[in-house]
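Engineer: Turn this into a structure:
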Amino acid sequence: MTSHSDRLVRRWLLWSITAIVLVVVVGGATRLTESGLSITEWRPVTGVLPPMSHAAWVDAFTRYLAIPEAQSVHLGITLPKFQMLYWWEWVHRLLARLVGLVLAVPYFVLLAKGHIRPEHRWRLLLLPMLTLAQGALGWYMVSSGLETRINVSPYRLTAHLGMALLIYGIALWTALDLGRHDTGGGQPALPGPRRRFRVALVCVIITMLSGAFVAGLDAGTMYNTFPLMGGRVVPIGYHIADLGWRNAFENPIAAQFNHRVLALSTATLILILAVLTRRTNVAPALRRAVTAAGLAVILQVALGITTLLLVVPVVLGVLHQATGLLVLGTMIVVVHRSRRRSIA
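Structural biologist: Presented below is the predicted three-dimensional model:
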């Protein structure tokens, strides 16, 4: 493969990453505005167009009024209010379709022209395939809130976010494979530091998924104090015996407490690694990446605490989710660069 081919593929991947971040952020806003159930049908093709007449709007509104959320959370909702919810979900679904096109069409064009490296062909094929699966998973998530629940299943919401993170990770990792290799001043990487970076990356992913349970259970609207929860380290109501192992995933108090512990532990680990890396003979590119991860996680913790104290305003909630992607991205860069001759 020529460097020109690599640049074309890398440019496509960077645009794809931008599109993925945008759709995840809009998805977060859709969740925070409680708009995700406003469209009660899944029409992958004809659903591209919103209601085009007053009668069509009334029909969509009538369908929405039949679901439990409309009869509880949005009891007494008016048509104009419903339209505001509808537009959030419609934009989210439209962006998801566009992301699918961004990931699929250039892939097959670049593949046909021989620009994709042989070792990347199957990996990158996962991008359009997973995006297609993500659409089906999104509807599977929405359908969980249309009959008996007043919101979507937190398990399905977490799976939906997890799939997005997987797509994001594949695109970013491959873009890094095709980037410039800065190995100056380094020595062969040692297993210990590499392992610690990988552990930190896994912790970031687990923390983000735990945040999805917080969102799915609306757990951020309770115990809006920090660092204690109701004046206690472990809050009252943390354990509901009847839930058994599901307590961590279905009890909102437990979900928030667990997310706090995971977030603070992960942030501490990344900051320790950032300090240790500055004291170690590593390649400048790796040092910069770990420093960036440290700065990103400080911002993320600050946003998380502020979002909690202010009872999850939409703007801060969206910024918190976007910064989570930033932390994940910087840690992927760290792990990728630690594979090369970077650590003494």
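Engineer: What's the local residue count around residue 73?
Structural biologist: 13 (other C-beta atoms under 10 Å). Every C-beta, even on glycine, is put in place using the N, C-alpha and C of the backbone.
Engineer: my read is it is in a strand, agree?
Structural biologist: No. Counting by DSSP: H, G, I helix; E, B strand; the rest coil, residue 73 falls outside a strand, being coil.
Engineer: where does the nearest residue to it once chain neighbours are set aside fall, helix, sheet strand or coil?
Structural biologist: The shortest distance from residue 73 to any non-neighbouring residue, by C-beta to C-beta, 6 or more residues apart in numbering, is to residue 150 (5.6 Å). On the three-state scheme (three-state DSSP), residue 150 is labelled coil.
Engineer: hang on, residue 150 packs against residue 69?
Structural biologist: Yes. In this structure, residue 150 is within contact of residue 69 by C-beta atoms under 8 Å, at 4.9 Å.
Engineer: okay, those two: which has more neighbours?
Structural biologist: residue 69 (23 against 15).
Engineer: any idea how far the more buried one is from residue 318?
Structural biologist: Distance of residue 69 to residue 318, computed by C-beta to C-beta, to the nearest Å: 21 Å.
Engineer: Kindly report the same for residue 288.
Structural biologist: 27 Å.
Engineer: the more surrounded of these two?
Structural biologist: Shown here are residue 288 and residue 318; by other C-beta under 10 Å, residue 318 has more neighbours (21 against 17).
Engineer: What segments of this structure are helices?
Structural biologist: 3-32, 54-65, 79-112, 118-143, 154-177, 191-216, 247-250, 252-278, 284-309, 314-338 (DSSP state H).
Engineer: Tell me which of these approaches residue 237 most closely.
Structural biologist: Of all the helices of the chain, helix 252-278 sits nearest to residue 237, with 4.5 Å by C-beta to C-beta.
Engineer: For the nearest residue to residue 167 once chain neighbours are set aside, report the pLDDT, please.
Structural biologist: Closest residue to residue 167 apart from its sequence neighbours, by C-beta to C-beta, 6+ apart: residue 130 at 5.1 Å. pLDDT recorded at residue 130 is 96.
Engineer: any idea how far residue 329 is from residue 291?
Structural biologist: Per C-beta to C-beta, residue 329 is found 14 Å from residue 291.
Engineer: Please verify my assumption that residue 256 contacts residue 221.
Structural biologist: No. With contact defined as C-beta under 8 Å, residue 256 and residue 221 do not form a contacting pair (9.4 Å).
Engineer: The two: which is more packed in?
Structural biologist: The neighbour comparison of residue 256 against residue 221 (other C-beta under 10 Å) goes to residue 256, with 26 against 13.
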